[in-house]
Structures are given as structure tokens and as C-alpha cells.
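1. Build the 3D model from these lines:
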Amino acid sequence: MGLSGTGGYPLRGDSSDILLDVTYPDGSEVPRERTLNKQWELRNSGKVPWSHRFLAPVISATNDESCHPVDKRYDIPYTAPQQKVVVSAEVVTGSHPGRCHLTWKMIDKAGNYFFPGGKGVELDVIVK
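-> Purely as a prediction, here's the structure:
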């Protein structure tokens, strides 16, 4: 399957909220040729525990020279309903200045989206 809306998702009672950009708020200026650890605070706002979930990069609104994710997926720690969690992804900035805009979505082990119609979490920074 992989990176699709299949797998019976979204699950009944499953929900998430993006609470905060912990690192690199939108519009932040970042140096070239660096590894960034982007972090977001999320809340499991539903009734379904989060287990065996990952963040996967899905959209690049910029060309690949300004930045790219280090890995194809990042672990999301077990998160009980109504619990908050900080999740992170690593990104490498390129050698040229420009805008870096990447999006990640929550997936299962097979690569199916938990929230196929959801927005996802984003990194939107300026590489100087």
C-alpha cells in the first residue's frame, strides 16, 4: 500500500491537534549546510492511543536544493488520549539560500496516513 489513504483511516475517535512549533517557527532564518532538529508539540485529542506511529515527509513546496529531510520516517512516542507529545524530524539545509518548506504526516508501519485529509506538520524557514 504505502503513503495512501487506505488502511481504514481515520480511525473512529482518532484526532490530533498541533499545539506549538517548539523549534524554528515559520519564517525563521537558518544557516546553510546545517542539520536542523525541527520539533512540534502535538496533543492526542481523540480517544485512540497512538502506538506504532511515525511522521513521514510528504510535500516539498520548494526545490530540493534548499533543504531535505534526513530520514524517510520519524518515530512518534506512545501517546495516550489527551496526552501531549513533542515529535521531531531532522532536516539538512542546502548550500544555496532560499525557502525551505516541508510537510510531514502521521503514518502507520505500512505507510498509510492516519489522517489522509489532515494538514500535517510543517517546516517553513528561510535558508540564508
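2. Do you know the pLDDT at residue 108?
-> Looking at residue 108, its pLDDT stands at 97.
3. Same check on residue 3?
-> Looking at residue 3, the pLDDT reads 51.
4. now swap in residue 59 and tell me
-> With respect to pLDDT, residue 59 scores 67.
5. Next up, the contacts around residue 37.
-> Going by C-beta atoms under 8 Å, 6 or more residues apart in numbering, residue 37 touches 23, 88-90. Every C-beta, even on glycine, is put in place using the N, C-alpha and C of the backbone.
6. check which helix or strand covers residue 26.
-> Using DSSP states H and E, residue 26 falls within no helix or strand.
7. Distance of it relative to residue 40?
-> 12 Å (C-beta to C-beta, to the nearest Å).
8. do residue 46 as well
-> Taking C-beta to C-beta, one finds residue 46 at 17 Å from residue 40.
9. What residues sit buried inside stretch 108-118?
-> 108, 111-115 (16 or more other C-beta atoms under 10 Å).
10. Show me just the buried residues among the contacts of residue 37.
-> Here, 16+ other C-beta under 10 Å leaves 88-89 buried among the contacts of residue 37.
11. Just the ones of the contacts of residue 37 in strands?
-> 88-90 (DSSP state E).
12. who has more neighbours, residue 46 and residue 40?
-> Set residue 46 next to residue 40 and count neighbours by other C-beta atoms under 10 Å: residue 40 wins out with 21 against 17.
13. Not including adjacent chain positions, what is the nearest residue to that one?
-> Spatial nearest neighbour of residue 40, excluding adjacent residues (C-beta to C-beta, 6 or more residues apart in numbering): residue 121 at 4.7 Å.
14. Contact partners for that neighbour?
-> Contacts of residue 121 by C-beta under 8 Å, 6+ apart are 18, 40, 42, 55, 87, 103-105.
15. just to revisit the earlier point, could you name every residue contacting both of residue 26 and residue 40?
-> Joint contacts of residue 26 and residue 40 (C-beta under 8 Å, 6+ apart) do not exist.
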